[in-house]
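Asker: please find the sequence and the predicted model below.
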Amino acid sequence: MSVTNENNLTTSPIVQDHSTNSLTDNDFSECEWATDSNTDDSWHQSDDVWETQTPFIWGDNDGAQIDWDYENQELPERVPAEPKPVIMIDTLEKLDEFLPALCQLKDGVELAFDCESTPSEDENGVHIPGGGFGRDGDISFLSMTIISMNETYVFDVWELKGTTFERESKDGLSLKKVLESHDRIQLWWDVRTDWDTLFHKFGIQIGKRSRICGLMRAMREEGGKFMTSTELDDWLSEKDAGGDYFRGHGWRPLTARPINDTARNYIAGDTDCLCQLQNRLQDRLGHWAFRMQGKTVGGLTDAIGKQSTLQATTKDLM
């Protein structure tokens, strides 16, 4: 059956041959316009609301989906950073020497933390109650990087026990008070299991924090933006070597003393890069938050025809 519209436009049908999944001999439609000079050849104006609304163009409303200029920008040549000193705190004397540094902490993003759990048995094969993380778990080491001082400390929690967190300086500051403080932002590498053990084992409720998940993947993808290729290769190599060492020994070296350089570098490596990684990811987020500010909510408002009760701002996205 042919179809004739109001403009005397006649089309012949298109027939689908489903057996061959192709069009038959009538695979081209024929159009015949009326040649009568009195014929109204103007385009029919539809009353359908979906056809009469203002055209929606993605580019005009949301901007570029990917800012390739930003993603592919050439960064200035990076100068190798001074290596952060790794200071072991494994005695009360060293802990007392460290504590005065707590009163020199800055506000804002100042600290990076990470914990190491305990194995299920020690180097002699003796079972360790509460091995691993969790409510019944324990902590072998706490690594802490003070960003403004460019120093990384590794606390031997297995040896110092709760004293690591409870011992106070002359100013009344302790690691527990710093961890629970909301005066500054702490960076954590996937804080969930660490937090669980810190709370149930040591009664610590972590304060203001920002966590990064997928540290190794993030470093492989973004590390080259703030490290030289040599620095990044060294960091990845130390993490791989440390991981192989611990896994090969069933993680028992976490409670064996003294620890070697491979173990120490592995433990410290989780925090000494977090600040630069945070800055890199924050820069990317801030760039896109600025570009998208108001546009996402505005687009939704146009779509649903009413004002949203959740107005997005750059601060919300950060």
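Answerer: Received, thanks.
Asker: without its sequence neighbours, what residue ends up closest to Asp138?
Answerer: Spatially, and ignoring its direct neighbours in sequence, Asp138 is nearest to Thr118 (4.5 Å; C-beta to C-beta, 6 or more residues apart in numbering). Heads up, the C-betas are built off the backbone N, CA and C, glycines and all.
Asker: so Met216 makes contact with Lys239?
Answerer: Yes. Assessed by C-beta atoms under 8 Å, Met216 is found in contact with Lys239 at 6.8 Å.
Asker: what's the neighbour count on the residue nearest to Asp138?
Answerer: Other residues lying near Thr118 total 24 when counted by other C-beta atoms under 10 Å.
Asker: circling back: show me which of Met216 and Lys239 is the more surrounded one.
Answerer: Lys239 (18 against 13).
Asker: how close does the more buried one sit to Asp270?
Answerer: Lys239 is 8 Å from Asp270, where distance means C-beta to C-beta, to the nearest Å.
Asker: and the helix or strand in which Arg217 is found, what does it pack onto?
Answerer: Secondary structure from DSSP states H and E places Arg217 in helix 215-222. Under the contact definition 3 or more C-beta pairs under 8 Å, 6 or more residues apart in numbering; DSSP states H and E, helix 215-222 sits against helix 229-248, helix 274-292.
Asker: weakest of those helices by average pLDDT?
Answerer: Lowest mean pLDDT within the helices and strands packed on helix 215-222: helix 274-292, a mean of 75.
Asker: show me what contacts Gly134?
Answerer: Thr193, Asp196, Thr197, His200 (C-beta atoms under 8 Å, 6 or more residues apart in numbering).
Asker: whichever strand or helix holds the second one: what's the following helix or strand?
Answerer: Spelled out, that is Asp196. Assigned by DSSP H and E, Asp196 belongs to helix 192-202. Per DSSP H and E, the first helix or strand lying C-terminal to helix 192-202 is strand 209-212.
Asker: who does that next one pair up with?
Answerer: Paired strands of strand 209-212, with direction, are strand 184-189 (parallel) (DSSP bridges).
Asker: what average pLDDT does the strand it pairs with get?
Answerer: 90.
Asker: just give me the neighbour total for Glu180.
Answerer: 16.
Asker: just give the number of residues close to the residue nearest to Leu198 when sequence neighbours are not counted.
Answerer: Take Leu198 and drop its neighbours on the chain: the residue closest to it by C-beta to C-beta, 6+ apart is Ile204, 4.3 Å away. Ile204: 20 surrounding residues under other C-beta under 10 Å.
Asker: all strands of this structure, in order?
Answerer: Along the chain, the segments classed as strands by DSSP state E run 3-4, 10-11, 16-17, 22-23, 31-32, 86-89, 108-116, 141-146, 151-156, 184-189, 209-212.
Asker: could you single out the most deeply buried of the ones you listed?
Answerer: strand 141-146 (a mean of 24; mean count of other C-beta atoms under 10 Å).
Asker: other SSEs contacting that one?
Answerer: strand 108-116, strand 151-156, helix 157-160, helix 261-268.
Asker: just put these in a markdown table and tack on mean pLDDT and distance to Gly250.
Answerer: Listed next are those as a markdown table, based on pLDDT from 0 to 100; distance: least, C-beta to C-beta, whole Å:
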| stretch | mean pLDDT | distance to Gly250 |
| --- | --- | --- |
| strand 108-116 | 93 | 14 |
| strand 151-156 | 96 | 20 |
| helix 157-160 | 97 | 16 |
| helix 261-268 | 92 | 13 |
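Asker: to Phe141, which of the ones you listed lies closest?
Answerer: strand 108-116 (4.3 Å; C-beta to C-beta).
Asker: neighbouring strands for that closest one, and are they parallel or not?
Answerer: Partners of strand 108-116 in its sheet, by DSSP bridges: strand 141-146 (antiparallel), strand 184-189 (parallel).
Asker: Lys208: what's its closest spatial neighbour, skipping adjacent residues?
Answerer: His182 (4.5 Å).
Asker: apologies, that question was intended for Leu215.
Answerer: Nearest to Leu215 is Trp189, by C-beta to C-beta, 6+ apart, at 4.8 Å.
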